[in-house]
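Okay, predicted coordinates and the sequence, questions at the end:
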Amino acid sequence: MSAPTTTPATATPSTKPVRQLGDRIFAGSATGAGVLILIVLAGVAVFLIAQAIPAFTASPEELPGGRNLAVYIGPLVFGTLLSALIALLIATPLAVAVALFITHYAPRRLAQGLGYVVDLLAAVPSIVYGLWGVAVLAPASLPFMTRLQDYLGWIPLFAGPVSATGRTMLVVGVTLAVMILPIITAVSREVFLQTPKLHEEAALALGATRWEMIRMAVLPFGRSGIISGAMLGLGRALGETMAVAIILSGSGIVTFNLISSSNPSSIAANIALQFPDSTGVAVNTLIASGLVLFVITLLVNSIARWIINRRREFSGAN
């Protein structure tokens, strides 16, 4: 018997997928947009550093108030962080409660309308919030702040004396809390809606109440989303300018007293108020404070992005 003949395998040439013109245009546009954002961010950083160098190298006599640069910027950083922290502590629990009500308690029509109303708060200009804080919230908060001093005056936060106008750091914090409420609510709401139905139904099948189901299934799943939304809201509060500038009559001090008339200002509000009348090294000093705010905001957004990436691999019922 003759051995069977085998035919040599012919190598098939590798074929590359053909990209349509529209795909190439879209890919190039997306890549260009990403590169442009990095270029703009780098340009802003280079501008701030270049313009802030004269302030870093200047003597204290040349700076505003004849003070050292750290002494000048330090109270502004403190006021910025304090007002943003107050806003975060007020807005985060309220935003989580609103998001839970919209996603798990409210009827569908009410939830849809309430979601639109909460999102609409983000479209209100900051100057309107500032006017609301001065004309409505500040006078209305005077009796409340008086009671805080009477009953909790032994705490440095409420030592007083109460400001006669109500334009205090506490009012600024409440106003900023209303401003960042839509951001935290929107992020928390979307995360809660992504909770696997299998987890919710399993908890209910085991006899859990609705709140127990939320506590065991929804909140653990959305914890990182709540944190990232809070960090995004914090970044918004750190950079707020007009509302703080309208409400607060800041000074270059460091104090934890939230209800007195002596309050530290914020970096953004100080730049907005002082820049029109500043010249020379004073302008460089304001830009140096802006550089500090830029670094703080960048760190906050980087932390938020890191927290979001931690949950990227979690999907479905895994």
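Arrived safely.

rest of the way, CA atoms for contacts and neighbours
Will do.

Enumerate every residue touching the spatially most central residue of the chain.
With distances taken as Cα atoms, centre = their mean, the residue of the chain nearest its centroid is Gly233 (2.4 Å). Gly233 makes contact with 88, 180-181, 183-184, according to Cα atoms under 8 Å, 6 or more residues apart in numbering.

Which ones among those map onto helices?
Judged by DSSP state H, helices contain the following of the contacts of Gly233: 88, 180-181, 183-184.

Where do the helices of the stretch 201-318 of the chain begin and end?
210-213, 219-238, 242-247, 267-274, 281-310 (DSSP state H, counting those that start in this stretch).

Kindly indicate which of the contacts of Gly233 lies nearest Leu170.
Nearest to Leu170 among the contacts of Gly233 is Leu88, at 12.3 Å by Cα to Cα.

is it true that the closest one touches Leu234?
Yes. Counting by Cα atoms under 8 Å, Leu88 does reach Leu234; the two are 6.3 Å apart.

of the two, who's got more company?
The neighbour comparison of Leu88 against Leu234 (other Cα atoms under 10 Å) goes to Leu234, with 30 against 25.

For the more buried one, give me its contacts.
84-85, 87-88, 180, 300.

Now the residue lying closest to Gly166 once chain neighbours are set aside: which helix or strand?
In space, and not counting its chain neighbours, Gly166 is closest to Ala138: 4.4 Å by Cα to Cα, 6 or more residues apart in numbering. Element membership for Ala138, per DSSP states H and E: helix 138-140.

Pass me the low-pLDDT residue ranges in the chain, would you?
The chain contains residues with pLDDT under 70 at 1-18, 308, 310-318.

And the strands in it, which stretches?
250-251, 263-264 (DSSP state E).

can you list the residues that contact the last one?
Under the contact criterion Cα under 8 Å, 6+ apart, strand 263-264 has outside partners 75-76, 78-79, 168-169, 248-255, 257.

same question, the first one
Contacts of strand 250-251 with the rest of the structure, by Cα under 8 Å, 6+ apart, involve 262-266.

What strands line up against that strand, and which way round?
Note on strand 250-251: by DSSP bridges, its sheet partners are strand 263-264 (parallel).

gap between the partner strand and the chain center?
The chain centroid and the centroid of strand 263-264 are separated by 21 Å under Cα atoms, centre = their mean, to the nearest Å.

Same check on stretch 84-98?
On the basis of Cα atoms, centre = their mean, stretch 84-98 is displaced by 11 Å from the centre of the chain it belongs to.

Identify the residues contacting Thr285.
Thr285 touches 52, 55, 63-64, 69, counting by Cα under 8 Å, 6+ apart.

my bad, Ala230
Counting by Cα under 8 Å, 6+ apart, Ala230 touches 88, 92, 184.

Could you report the distance from the second one to Tyr129?
Looking back up the chat, that one is Thr92. From Thr92 over to Tyr129 the distance is 19 Å, taken as Cα to Cα, to the nearest Å.

would JSON lines of the contacts of strand 250-251 with distance to Asp23 be doable?
Converted to JSON lines, the contacts of strand 250-251 look like this (distance: Cα to Cα, whole Å):
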{"residue": "Ser262", "distance to Asp23": "59"}
{"residue": "Asn263", "distance to Asp23": "56"}
{"residue": "Pro264", "distance to Asp23": "53"}
{"residue": "Ser265", "distance to Asp23": "50"}
{"residue": "Ser266", "distance to Asp23": "47"}
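
Most neighbours among those residues, which one is it?
Ranking those using other Cα under 10 Å puts Ser266 first, with 31 neighbours.

I figured that one was touching Val244, is that so?
Yes. Counting by Cα under 8 Å, Val244 is a contact partner of Ser266 at 7.5 Å.

hey, what's in contact with both of these two?
By Cα under 8 Å, 6+ apart, no residue touches both Ser266 and Val244.

What is the most widely separated pair among the ones in helices among the contacts of Gly233?
Pairwise distances across those peak at 11.3 Å for Leu88 and Ile183 (criterion: Cα to Cα).

any idea how far Leu152 lies from Thr185?
Note on Leu152: its distance to Thr185, by Cα to Cα, is 31 Å.

go on, Val117?
In this view, Val117 and Thr185 are 11 Å apart by Cα to Cα.

out of these two, which sits in the busier spot?
Neighbour totals were compared for Val117 and Thr185, and Thr185 leads with 29 against 12 (other Cα under 10 Å).

Can you name the residues that contact the more buried one?
95-96, 98-99, 118, 229.

what's the most distant pair in those?
Greatest spacing in those, by Cα to Cα: Val118 and Gly229 (14.7 Å).

out of the two, which sits in the busier spot?
A count of neighbours by other Cα under 10 Å puts Gly229 above the other of Val118 and Gly229, at 27 against 18.

and the gap between the more buried one and Pro182?
The spacing between Gly229 and Pro182, counted by Cα to Cα, is 10 Å.
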